[in-house]
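Please find the sequence and the predicted model below.
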Protein chains: 2
Amino acid sequence: MARVPMGEVQPSEPSPEASEIPGELAERIRRRGGRATIYDIAELAGVSPSTVSRALSKPGRISAKTEARIRDAASRLSFRINPMARALPTGRSQTLALLVADITNPVVFGIVRGAEHEAARAGYTLVVAESQESGETEAETTSRLMPSVDGIILASTRLSDDAIRLTAARTPVVLINRAVSEVDSVLPDVEKGVAELLNHLHALGHRSIVYLAGPQISWVSGRRWESLLDSSEALGMAIVEIGPTTPTIDGGRGALRRVLASKSTAAVAFNDLIAIGLMQAAARQGVEIPGELSVAGFDNVFGSELMCPSVTTVGSELEQAGRRAVRVLLARLGGDDVEDASELLDTELIVRESTGPPRDV
Amino acid sequence: MARVPMGEVQPSEPSPEASEIPGELAERIRRRGGRATIYDIAELAGVSPSTVSRALSKPGRISAKTEARIRDAASRLSFRINPMARALPTGRSQTLALLVADITNPVVFGIVRGAEHEAARAGYTLVVAESQESGETEAETTSRLMPSVDGIILASTRLSDDAIRLTAARTPVVLINRAVSEVDSVLPDVEKGVAELLNHLHALGHRSIVYLAGPQISWVSGRRWESLLDSSEALGMAIVEIGPTTPTIDGGRGALRRVLASKSTAAVAFNDLIAIGLMQAAARQGVEIPGELSVAGFDNVFGSELMCPSVTTVGSELEQAGRRAVRVLLARLGGDDVEDASELLDTELIVRESTGPPRDV
DNA sequence: GGCAGACTGGCAATCGGTTGACATTTGAGG
DNA sequence: CCTCAAATGTCAACCGATTGCCAGTCTGCC
């Protein structure tokens, strides 16, 4: 087979670079919106399309010489593979979905960033969607996204265990901050941080604590409560749970009355947002913090160190969580041995100004 | 044509619901991962695939009766159209990309949320990617995403005008907070908010102002400076520009010395993050705010009202910006008349504690 | 009753890749 | 110089939709 078709190639061959692209080909590509296909490359390199496909995605299958020629042609045409066309036969879209309950909740920023970077690093694209704290929206969004993504990360999902298992049966799923048997998840080491927090409060002299729970469906909130219960028992402190509370600043504001009614000297909120709301309400009502009431939160969210007084909190590695979730998902997809997903993410107490010795000590 | 194939249908017909799905079909679908195709529907409804396609996406093209039968079959098989397969012939992926410089910057949360909701409302999926304040990463990400999305929203892009125009020539683009001729953009009404801010400072007694600029490539930073210049001239106030500064809290911290050196009584920062950093540094150094120095920022970011003192700022409707950007993009895609993109988003001065009368007045 | 024109629905090509089966080339070994 | 297997490349079917074109049917109207 003649590599250089003779006859119709009028333009001279002198310039080795640009002019090697026959005007006809260039024209056809231009008309198509500038996007070259493997057929164009095949024509330019004088091989068949399937060879191009193999050269580009099955290293080693094609001789080094041919592969080089093809790669060269591809770059001359600035070829970008069409992900949709590839996805059709393979069923792989190279896309991952990340579902969060509330995008504006600072807790998720870190997760999103970590996930996005890790995905991009692996050549994957990340779709971010918000369920607005609604299980229904979440289910709908999940099923809308399912056909077009290779896997789903559910951060702070509001779905039932069964619904999650059902989804996981149809597509790879990784949970962040939620454990469901048979499903991969990335979890923080709640116990460690909580123990540190209660030791801190105990050392300050607190003996009675109130826990301001998050949404009823929140798995983490339950975990935090369990941990608090364990630790306070161990330390001989009194503890009560109040809630559920919407995990927002507004939610925290509304809870002050019940917190004060409990006569506890320290309040631990489900998250920093609630803690901040609580502190704002307290300030407005002249309740001194930490003098009359110590307050602590979870997550070390952006803003909690700006607050005055700044918020004592149990932080966890959010960005790391997003990163890890993507890695686990990709491992599953690759059929590789999955990174040990059971390894917990570190959590750590960050002492700031909102906790102090109770006044009557 | 026989609607009910006779012969191979052993299971009885009594139950009208479930058993109408021939076992063979069900089996085939199950083997394929539970995902039904229009071919399955066609078989079940006794029509051709093309008719199914039309019934599902071209309302009115098919008779109501047939369409009903098809819709029924589709829902019985819990059909979900394969977005990739649809994208191939149409070239439409029903996906939009949103590129931001820094996901963890609270300024973008609102934009992301607004964009995501508006996109979801229109049945579109939103891909969020981060360029990490790097023009190179941004260019790379853009070209990676281009083949798989129908349009791109560039929020706070770091690309050059030419690079943007080049991208816009190949795929629909909408800019947020950046104006480039020939390219759609969504912009805030900077003048209004700035005028309010300077009037406020002037009324407090300030006569000399320092502007802490953002990144050199930031178009908004330039706009804000121009506006400040205009307003301060009109009011007869002195103003100087300092910078560039990284638009983060750290960036703000590092700028205190130069700000104090200017001997101005009020500092206007490119954004709230810088303002916050500046205030933290000031607090650490015993500079009283607003007594010795008034500080104001832009964006009314989450956290700026938590700061103590809370930050006076010029806020704009971030969520609205994201929403609007998606609408403009979709209008372009639909070939509809484009919503008047030149209409500016409202901005508004939010007076808080970080501004006050200068001490020596 | 007959005919034009509107409606319906089907055929088959197409989008841009991937991949199993097969043909051809190449080179080593006898 | 010949045989045979390995290496390389091609053919053609396929993924799941969309859509231009055409044929058959139905309707209304004269």
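Perfect, I can see it now.

thought residue A:305 was touching residue A:311?
Yes. Here residue A:305 reaches residue A:311: they are 7.2 Å apart, a contact under CB atoms under 8 Å. Bear in mind the C-beta positions are built from the backbone N, C-alpha and C, glycine included.

okay, these two: which has more neighbours?
Taking other CB atoms under 10 Å in any protein chain shown, residue A:305 and residue A:311 do not tie; residue A:311 has more neighbours (31 against 20).

contacting residues for residue A:60?
Contacts for residue A:60 (CB atoms under 8 Å, 6 or more residues apart in numbering or on different chains) come out as none.

and it, that one's in a strand?
No. Counting by DSSP: H, G, I helix; E, B strand; the rest coil, residue A:60 is not part of a strand but coil.

roughly how far apart are it and residue A:67?
9 Å (CB to CB, to the nearest Å).

before we move on, what about residue A:166?
With CB to CB as the criterion, residue A:166 and residue A:67 are 44 Å apart.

more crowded one of those two?
A count of neighbours by other CB under 10 Å puts residue A:67 above the other of residue A:166 and residue A:67, at 20 against 14.

That one is in contact with residue A:57, isn't it?
No. The pair residue A:67 and residue A:57 fails to qualify as a contact (CB under 8 Å) at a distance of 11.1 Å.

Below-threshold pLDDT in chain A: ranges please.
A:1-20, A:336-342, A:360-361 (pLDDT under 70).

What residues does it have near DNA strand C?
A:32, A:35, A:37-39, A:49-50, A:53-54, A:56-58, A:79, A:81-82, A:85-86, A:88-90 (CB under 7 Å from any atom of the strand).

so what's residue A:52 up against?
A:38, A:41, A:42, A:45, A:70, A:74.

now do 10 Å
Applying CB atoms under 10 Å, 6 or more residues apart in numbering or on different chains to residue A:52 gives the contacts A:37-45, A:62, A:66-67, A:70-71, A:73-74, A:79.

Identify those among the residues of chain A next to DNA strand C that sit within helices.
A:38-39, A:49-50, A:53-54, A:56-57, A:85-86, A:88-90 (DSSP state H).

of these, buried ones?
A:38, A:53, A:54, A:56, A:86, A:88 (16 or more other CB atoms under 10 Å in any protein chain shown).

Can you pick out the most distant pair from those residues?
A:54 and A:88 (17.6 Å; CB to CB).

Spit out the residues that contact residue A:60 and residue A:67 alike.
residue A:54.

wait, isn't residue A:41 in contact with residue A:47?
Yes. Contact criterion CB atoms under 10 Å: residue A:41 and residue A:47 qualify, at 8.4 Å.

which of those two has more neighbours?
For residue A:41 and residue A:47, the more surrounded residue by other CB under 10 Å is residue A:41, and the numbers stand at 27 against 21.

ok, and does whichever helix or strand residue A:273 is part of reach over to chain B?
Per DSSP states H and E: residue A:273 is located in helix A:272-284. Yes. Helix A:272-284 is in contact with chain B by CB under 10 Å from any CB of the partner chain, via A:273, A:276, A:279, A:280.

May I have the strands that pair with the helix or strand following that helix, each with its orientation?
As assigned by DSSP H and E, the chain's next helix or strand after helix A:272-284 is strand A:294-298. Strands adjacent to strand A:294-298 in the sheet, as given by DSSP bridges, are strand A:266-269 (parallel), strand A:312-316 (parallel).

now, of those, which is deepest in the fold?
Ranked by mean neighbour count, these are led by strand A:266-269 with a mean of 31 (mean count of other CB atoms under 10 Å in any protein chain shown).
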